[in-house]
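Engineer: would you be able to build a 3D model of this:
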Amino acid sequence: MGTEGPKSREWESWFIAFVLAILVMSASYVTLRKNFGELNVFHGPRRHPGIAHKYADALGIALQFFDVQKSGKLVNNRISWRGDSALEDGRQENLDLSKGVYDAGDLMKFGFPMAFTATILSWAILEYGDHMKQLKELENAKDSLKWITDYLINAHPSANVLYVQVGDPELDHKCWERPESMTEQRPLIQINTSYPGSEVAAETAAAFASASLVFRSTNSAYSILLLKHAKQLFTFADSYRGSYSISIPQVQNFYNSSGYGDELLWAAAWLYHATRDESYLEYATTEGNLFANWGTTTWFCWDNKLAGTQVLLSRVNFFESKNIQGEQNIALQLYRKTAEAVICGLLSNSPTATPFRTKGGLIWVAQWNPLQYSVASAFLALVYSDYMITSNIRNLYCDGALYEPMDIRNFSIMQADYILGNNPMKMSYLVGYGSNYPKYVHHRGASIPTDAKTGCSNGFIWLNSTHPNPNVAVGAVVGGPFQNDTYIDSRNDTRQAEPTTYNSAFLVGLLSGLITTSSVPQSFLW
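Structural biologist: Got it, this is the predicted structure:
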């Protein structure tokens, strides 16, 4: 064995220095991770790998609005200023209609938007429930959904009878009071074979069918019950066709329907997913010739389900096309083609981009509750982009221009960020998120102190108060800005300041899809 020479000692010194450098770099990286969290190339510093905490935090807030809106005997109440209310609802017909949710800032239970809220919340859970579970929010979402479907089950006491409204809107709007203090009469309105309402019956069928999928693996008996009601209501809606706006003229000033064809297709699509019964797919594709308006883009909202149906049936085309042939396959291609036209219209640099947007980039369709269209569009776009990724489809062509799933996702991100405060007003339209959010929300319970002695008629002092709401309607998504991107924080402006449950349901779906960069549906088949 020879002795060490100069070269070997030089190599040893270099090696020791190299090891020390690695150790220093490792220590620095650990310190960086400890102080700043996991780095994410899209969203900056993160506390955990793959989670966008801006959206995660917002999701936890958004889900609380369903607790704010709950009627009935509250269980595990998360909202300190809410209490039991409407415990006698339905008693005049020997029904328990105490549960459910108030649709907006008043104390009415409108079945049409309530069922739609349940359908969208179900869809959000089905697509992104695994993301919710990561944040320990899945059970909160499912509890809120079941609170609504429990009510809807009781509102459907027989196959061809559905109670679609609790309360008199004219009388209700003459009061400004906390739900816990209600004393006025709460009349019930039903649809039946003599006074049909295909759109609300079909929407409720869609709510039951989609919710049956949510509870299938955890509460099979409840899932079966939901599916039974879904099938009965769909048959009722289709067999006794007629608009509830004609059968019940008083709803025209509140939730007037523009037609029921879209709801029939929407319900059939959900029933196909819930049952795998090809008769429902056959219905959606054959009746599509009457109701689908293939090639015509529409805005997804409580009154028009066509865009949602097109995306939902695109899921079938993406993942099941090999098993479907003939005219059904052709119809599914038409649904998907129309869905693509909807998505192309949302992309700001698309040759077919819709002009219905503000300078700040927000989709803006109407002055009354404009955010419902923005958040609905963003949710549909996100779901569609994830269908593309999951099925390995990398390109979307819009009048010759090429777009990728990330382009579509970026649109959804932009809408979400606008709602959360990246807008000209620098205001969060999600109440409770950030420090600058609406303080004068048009919401009775939030505007009245819990110890107030006022009742129905003298409670209007709180509507007209110049003070901010004493209670925070946490999770509320207000109506939103004017077309010029401005917002007036006024309790008396129902167009801008009133929140709705369906706005929140869409936002829950949108945020759930954005909280992780690995956003793909949980499975090809629910």
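
Engineer: pretty sure Ala124 contacts Leu507?
Structural biologist: No - the criterion here is Cβ atoms under 8 Å, and Ala124 misses it with Leu507 at 9.2 Å. Where you see a C-beta, it was placed from the backbone N, CA and C, and this is true even at glycine.

Engineer: quick one: the helices in the stretch 351-500 of the chain?
Structural biologist: In the stretch 351-500 of the chain, the helices defined using DSSP state H, counting those that start in this stretch lie at 371-390, 405-419, 444-447, 460-463, 494-497.

Engineer: using JSON lines, lay out those helices together with mean neighbour count and distance to Leu362.
Structural biologist: Output for the helices of the stretch 351-500 of the chain, formatted as JSON lines (neighbours: other Cβ atoms under 10 Å; distance: least, Cβ to Cβ, whole Å):
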{"stretch": "helix 371-390", "mean neighbour count": "26", "distance to Leu362": "5"}
{"stretch": "helix 405-419", "mean neighbour count": "22", "distance to Leu362": "5"}
{"stretch": "helix 444-447", "mean neighbour count": "25", "distance to Leu362": "24"}
{"stretch": "helix 460-463", "mean neighbour count": "15", "distance to Leu362": "28"}
{"stretch": "helix 494-497", "mean neighbour count": "20", "distance to Leu362": "13"}
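
Engineer: as CSV, these with mean pLDDT would be great.
Structural biologist: Below are the helices of the stretch 351-500 of the chain laid out as CSV (pLDDT from 0 to 100):
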stretch, mean pLDDT
helix 371-390, 97
helix 405-419, 98
helix 444-447, 98
helix 460-463, 97
helix 494-497, 96
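
Engineer: that older thread, neighbour-wise, which of Ala124 and Leu507 wins?
Structural biologist: Leu507 (32 against 28; other Cβ atoms under 10 Å).

Engineer: what about the more buried one, which SS state?
Structural biologist: helix (DSSP: H, G, I helix; E, B strand; the rest coil).

Engineer: list the contacts for it?
Structural biologist: Leu507 is in contact with 58, 62, 375, 416, 419, 430, 477, counting by Cβ atoms under 8 Å, 6 or more residues apart in numbering.

Engineer: pretty sure the third one sits against Tyr502.
Structural biologist: No - in this structure, Val375 is not within contact of Tyr502 by Cβ under 8 Å, at 9.2 Å.

Engineer: next one: Glu263 from Ala155, what distance?
Structural biologist: 17 Å (Cβ to Cβ, to the nearest Å).

Engineer: out of these two, which sits in the busier spot?
Structural biologist: Neighbour count, other Cβ under 10 Å: between Glu263 and Ala155, Glu263 has more, with 31 against 27.

Engineer: how about the contacts made by the more buried one?
Structural biologist: Per Cβ under 8 Å, 6+ apart, neighbours of Glu263: 198-200, 202-203, 206, 237, 305.

Engineer: backbone phi and psi for it, please?
Structural biologist: The phi/psi pair for Glu263 (degrees, to the nearest 10) reads phi -70, psi -40.

Engineer: list the residues that contact the closest residue to it other than its chain neighbours.
Structural biologist: Spatial nearest neighbour of Glu263, excluding adjacent residues (Cβ to Cβ, 6 or more residues apart in numbering): Ala202 at 3.8 Å. Contacts of Ala202 were listed using Cβ under 8 Å, 6+ apart, and they are 233-234, 237-238, 260, 263-264, 266-267.

Engineer: and if we set it to 6 Å?
Structural biologist: 237, 263-264, 267 (Cβ atoms under 6 Å, 6 or more residues apart in numbering).

Engineer: can you give me the strands in the stretch 101-250 of the chain?
Structural biologist: Taking DSSP state E, counting those that start in this stretch to define them, one finds strands in the stretch 101-250 of the chain at 109-110, 162-166, 188-191.

Engineer: related to what we said a few turns ago, redo the contacts of Glu263 as CSV? Include distance to Pro468 and pLDDT.
Structural biologist: Formatted as CSV, the contacts of Glu263 follow (distance: Cβ to Cβ, whole Å; pLDDT from 0 to 100):
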residue, distance to Pro468, pLDDT
Ser198, 43, 98
Glu199, 38, 98
Val200, 36, 98
Ala202, 41, 98
Glu203, 36, 98
Ala206, 38, 99
Ala237, 44, 98
Lys305, 37, 98
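
Engineer: closest to Pro187 out of these?
Structural biologist: Val200 (16.9 Å; Cβ to Cβ).

Engineer: now the closest residue to Phe254 other than its chain neighbours: how far from Asp103?
Structural biologist: Computed as Cβ to Cβ, 6+ apart, the closest residue to Phe254 that is not its neighbour in sequence is Pro169, at 5.5 Å. The gap separating Pro169 from Asp103 is 11 Å, by Cβ to Cβ.

Engineer: those two - which one has more neighbours?
Structural biologist: Asp103 (25 against 17).
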